[in-house]
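**Q** Next come a sequence and a model predicted from it.
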Amino acid sequence: MADETKRIEDEIAKAREELAGTLDQLVVRANPQRLAQDAKGQVVGLVSKPPVKYTLIGVGALAVVVIVRKIFS
């Protein structure tokens, strides 16, 4: 009976350690600063791709032309 009690106590201690580790991982993953940095990195990576980059440049140039034409019309 004592062996069984010791085994159960050991399993509980192991489960607590695993839970503590899982909670630590969740704290790191849910850190708002880290989430913001990850999102920023993804956006920068997407915008750095040539098709997206040149499309944005074209849209910006078109916007400038339309604004200049409105001002001088």
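**A** Nice, I can see it.

**Q** Tell me how many other residues crowd Leu62.
**A** 10 (other CB atoms under 10 Å). (Each C-beta comes from the backbone N, C-alpha and C, glycine too.)

**Q** On the three-state scheme, it is what?
**A** helix (DSSP: H, G, I helix; E, B strand; the rest coil).

**Q** do Val65 as well
**A** Per three-state DSSP, Val65 ends up helix.

**Q** all numbers from here: first residue = 19
**A** New numbering, starting at 19: the last item is Val83.

**Q** Check the gap between it and Glu29 for me.
**A** 71 Å (CB to CB, to the nearest Å).

**Q** report the longest helix in the protein, please.
**A** helix 20-47 (DSSP state H).

**Q** what about whichever helix or strand comes after it, average pLDDT?
**A** The helix or strand immediately downstream of helix 20-47 is helix 50-65, counting by DSSP states H and E. Averaging pLDDT along helix 50-65 gives 92.
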